[in-house]
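[1] Build me a model:
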Amino acid sequence: MSEGFEVFGWTVRYYGIIIMGGVLLGAMLAAWRAKKFGHDPEIVWDLLIWLIIGGVIGARLWHVFTPPPSSIAAGKTTLFYLTHPLDLIAVWEGGMGLAGGVIGGAIAMYFFVRKYKLSFAGWADLAAPSLALGQAIGRWGNFVNQELYGAPTDLPWAIFIEPGKRVSGFIEYATYHPLFLYESLWNLGNMALLLWLSHRFSERLKPGDVFLAYLVVYPVGRFLLDFLRLDASMLGGINANQTFMAVVAVLAAGMLFWRHRKNS
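    Below you'll find the model as predicted:
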């Protein structure tokens, strides 16, 4: 399967096109919702640049400090990246961690809203469904790259993985769980849920509730799907992403409960 095409000697990768498509569609959804709730939709496009920069930096750093086993086997360890600056910034060669992207984007948003005296909680709520949509679309880039697949399976919807793309220890297996598809569908469901919540309970929700709901739903799905993942990042023998997602989901759920307790 081709991963891209040449334009005037430059390789344009389908992965990048799909990611940017998800970003733009997410931004369009956010701009529509901003206008619906009485905000200037142009703010979304100004904020988008900050989010992209913060998200890319955060996603790259997450990969650098939590490299998966396949990267380590190829010599791309944390120490390698820290001692090879050019490889550290070579995001076009792959190596991005979604959790870090969300963290980086949130930090960038914090500084943006602070600069323009806007509400972080309010704009995080506006961004949450768009983030889920962008993730749902972006995961199809993993399909093009033949990555983010799960354990071997012979289910009817299993996907074929080329031998050169198979994880060490599973070379003899041809078909695998389409983990990217499972996560894409989960994210689409998350987007629909967040949009429904913001409409159905608009009178009862507090600023930041929709974003907190995102921080419950997405991590729960990611936690469960990681049981199928073959190339999970490990720190001290612990699945780094799965553990982080569990902590985030529990904290976000606890905060939602605390904010809406009966005596509040």
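[2] center of the protein - which residue?
    In the chain, the centroid-proximal residue (Cα atoms, centre = their mean) is Leu98; its distance is 3.7 Å.
[3] tell me the phi and psi of it?
    The phi/psi pair for Leu98 (degrees, to the nearest 10) reads phi -60, psi -40.
[4] Leaving out chain neighbours, which residue sits closest to it?
    Closest residue in space to Leu98, ignoring its immediate chain neighbours: Ala59 at 6.6 Å, by Cβ to Cβ, 6 or more residues apart in numbering. The C-beta positions use only the backbone N, C-alpha and C, and glycine is treated the same way.
[5] Name the residues that touch the strand or helix carrying that neighbour?
    Using DSSP states H and E, Ala59 sits within helix 42-65. With contact meaning Cβ atoms under 8 Å, 6 or more residues apart in numbering, helix 42-65 is reached by 23, 27, 30-31, 34, 71, 78, 81-82, 88-89, 91, 95-109, 111-112, 116, 118, 123, 126-127.
[6] Can you pull out the low-pLDDT segments for the stretch 1-150 of the chain?
    Applying pLDDT under 70 to the stretch 1-150 of the chain flags residues 1-2.
[7] the strands in it, which residues?
    4-7, 10-13 (DSSP state E, counting those that start in this stretch).
[8] Each with direction, which strands does the first one pair with?
    Sheet pairing here is set by DSSP bridges, and for strand 4-7 it gives strand 10-13 (antiparallel).
[9] What residues of the partner strand count as buried?
    For strand 10-13, burial by neighbour count (16 or more other Cβ atoms under 10 Å) applies to Arg13.
[10] swap in stretch 25-42?
    Neighbour-count burial for stretch 25-42, counted by 16+ other Cβ under 10 Å, picks out Gly26, Ala27, Leu29, Ala30, Ala31, Arg33, Ala34, His39.
[11] sorry, back to before: for the residue nearest to Leu98, grab the count of nearby residues.
    Applying other Cβ atoms under 10 Å, we find 22 residues neighbouring Ala59.
[12] swap in Gly208?
    Around Gly208 there are 20 residues (other Cβ under 10 Å).
[13] and it, how far is that from Trp258?
    12 Å (Cβ to Cβ, to the nearest Å).
[14] Show the contacting residues for Glu3.
    Neighbouring residues of Glu3 by Cβ under 8 Å, 6+ apart: Arg13, Tyr14, Tyr15, Val144, Asn145.
[15] Out of those residues, flag the one nearest to Thr243.
    Among the contacts of Glu3, Asn145 lies closest to Thr243 (Cβ to Cβ), at 25.3 Å.
[16] what's near enough to touch the closest one?
    Contacts of Asn145 by Cβ under 8 Å, 6+ apart are Glu3, Tyr15, Gly94.
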